[in-house]
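Colleague: Make a model of this:
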Amino acid sequence: MTDKRTFSVLVVSSGEKFNLALKDVLTPDRFDTVQIESSVGAARRRLIDSSYDIIIVNSPLQDEFGADFALDMARDSGSGVLLCVKSEFFDEISDKVSDYGILTVAKPTTRQTLNQSLRLLCATNERLHKIRKENASFEEKIREIKLTNRAKLLLMENLSMSENEAHKYIEREAMNTRHTKAEVAETIISQYTGGAS
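Modeller: Sure, this is the predicted structure:
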């Protein structure tokens, strides 16, 4: 069985009691980076240079309520967002943010509820991570096919090769030079077009 992936967490909370409760839940074996900011302004500044798998917003904050910040994070980042709000605001806020994939928890909350919410966010984040990896691999494959086809065309035009000969030439060059077919194709394209790939 492979090692479990660890997650980075940004906690945006000015509540000391809440922060202490979270420390019990955010164990180092599962959450390798935990950063706490007490205001939205400080969180936004931190997010300029860093990204996090999970963002936990404990509303209200020093400088704003926090729901708009949570919405911004859900729209503009790949982070899973957990928004904790007082129980009297739960229905209204949950209705406002749930369509954006934000998980909302009513306060006061229990350690078990926080733990379950974080497990759900981790599972969702893990799935998205796998989908992004698959998409990146798929996009790279499409890029390779496009480059290879363009290079084959250039070989056919310039060296009077058949499509099959051009294809075998690119495969052989990739094997001999220990480069990918995309890299070999880029070299061929550069050779015959003066660098425009």
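
Colleague: Pull the distance from the helix or strand hosting Arg127 to the chain's centre.
Modeller: Arg127 belongs to helix 111-159 when assigned by DSSP states H and E. Put simply, helix 111-159 sits 11 Å off its chain's centre (Cα atoms, centre = their mean, to the nearest Å).

Colleague: Check which helices and strands it sits against.
Modeller: If you count contacts as 3 or more Cβ pairs under 8 Å, 6 or more residues apart in numbering; DSSP states H and E, helix 111-159 packs onto helix 16-25, strand 54-58, strand 80-86, strand 103-107, helix 163-177, helix 181-193. To be clear about C-beta, it is placed using only N, CA and C from the backbone, and glycine gets the same treatment.

Colleague: Out of those, indicate the one that is most buried.
Modeller: The highest average neighbour count among the helices and strands packed on helix 111-159, using mean count of other Cβ atoms under 10 Å, belongs to strand 54-58 at a mean of 26.

Colleague: contacts for it?
Modeller: Outside strand 54-58, the residues that touch it by Cβ atoms under 8 Å, 6 or more residues apart in numbering are 7-15, 18-19, 22, 31, 43, 66-67, 69-70, 73, 77, 79-84, 107, 118, 121-122, 125.

Colleague: what mean pLDDT does the following helix or strand past that strand have?
Modeller: Once the chain leaves strand 54-58, the next helix or strand it forms, by DSSP H and E, is helix 67-76. Averaging pLDDT along helix 67-76 gives 93.

Colleague: And helix 67-76, what does it pack against?
Modeller: helix 40-49, strand 54-58, strand 80-86, helix 90-97.

Colleague: please redo it, this time with the cut-off set to 7 Å
Modeller: strand 54-58, strand 80-86, helix 90-97 (3 or more Cβ pairs under 7 Å, 6 or more residues apart in numbering; DSSP states H and E).

Colleague: Can you list the neighbours in contact with it?
Modeller: With Cβ atoms under 7 Å, 6 or more residues apart in numbering as the test, helix 67-76 has contacts from 12, 40, 43, 55, 57, 59, 79, 81, 83, 93, 96-97, 100-102.
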